[in-house]
Structure formats: C-alpha cells, structure tokens
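1. Below: sequence and its predicted model.
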Amino acid sequence: MSETLTTGTLLIEEGVVFPESLQIESDPYSNGWRIVKELDGYGLDRTMSRAGWTCFYMANEISASAVALNREKSLSKALNQILTKLKLERFNSLEITQVATKRFLGLAHTTVSAHARHIQESMFLFDWMKKQTA
C-alpha cells in the first residue's frame, strides 16, 4: 500500500462526517486514517465547495524523516510522525507534497513533506477551533 503514497496523495482521518450528498471513495491506511481514491487536492476542494463545505489548506509545510531497513517501513514511520502532529493540532486531513528516499549503508532514509488540510461544514476555521477547545 505504501507505493500509493506519492506526491498529491490525500489522507483523511476516519470518522470525518461528510454531507449525505457527498461520497468520497477511500481505502484504509493505518492508525485511523484513510487514503482518498481518485481525487487530488484541487478535486477535493471543488467537491467540498459544490456540497457547500470548506476544505482548508494550511500553508505551512510539515515534514518528518525516518530510517528503517526498507523504504516501506521508513515511509510508514515518517508518515505516522506527521499524522501524530496533525492529530495533536486537530486537523483531519493532509496532502502529501513530497516523498524522498535515499539509501545509506543499506538503510532507507525517507523524508515526507505534507500540508495539513481540514474539512468541515463551516467556512470559519477559528469557530471550529473554539468549539473543540471549549
């Protein structure tokens, strides 16, 4: 499954509620996250907008690196670091912007970069954040 994790891949936290009129196809990834099928970031934005929902794109890039015996394990470790950060910041989706793997002394060193996204009905992100902390 890690071969599907490339630039442009979208992940959405399991349990995100979508409007009834909206069907987004996804496959399970890990730790409560799902990989969106057949949509890129632009397509997700358009789909949410048509349904009257908002998909925020956070400008700050998040990145993480990991080392493991093979590319799949290092990629999974790096991505899980990013997903943990997102969960702490209460964002429910992300878009991968770069995946780079180098080998050194037989080990795979993978760096993953991504942008946080957040899907919600309201167009005011800070209203959502206030409700979450209250």
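-> Good, I have the coordinates.

2. quick one: which helix or strand includes residue 102?
-> strand 93-104 (DSSP states H and E).

3. Could you name the helices and strands sitting against that strand?
-> With contacts taken as 3 or more Cβ pairs under 8 Å, 6 or more residues apart in numbering; DSSP states H and E, strand 93-104 sits against strand 10-13, strand 54-68, helix 71-88, strand 107-120. For glycine as for every other residue, the C-beta is placed from the backbone atoms N, C-alpha and C.

4. Run through the bridge partners of the residue nearest the centre of the chain.
-> Centroid check for the chain by Cα atoms, centre = their mean gives residue 94 as the closest residue, at 2.4 Å. In this entry, residue 94 is beta-bridged to residue 11, residue 116, by DSSP bridges.

5. Now do the same contact list for it.
-> 10, 11, 62, 82, 83, 86, 114, 115, 116, 117 (Cβ atoms under 8 Å, 6 or more residues apart in numbering).

6. From the residues you listed, pick the one nearest residue 52.
-> Nearest to residue 52 among the contacts of residue 94 is residue 117, at 17.3 Å by Cβ to Cβ.

7. which sections of this structure are below the confidence cut-off?
-> Where the chain drops to pLDDT under 70, the residues are 1-4, 123-134.

8. Of the contacts of residue 94, which pair is most distant in space?
-> For the contacts of residue 94, the farthest-apart pair by Cβ to Cβ is 10 and 62; their separation is 14.3 Å.
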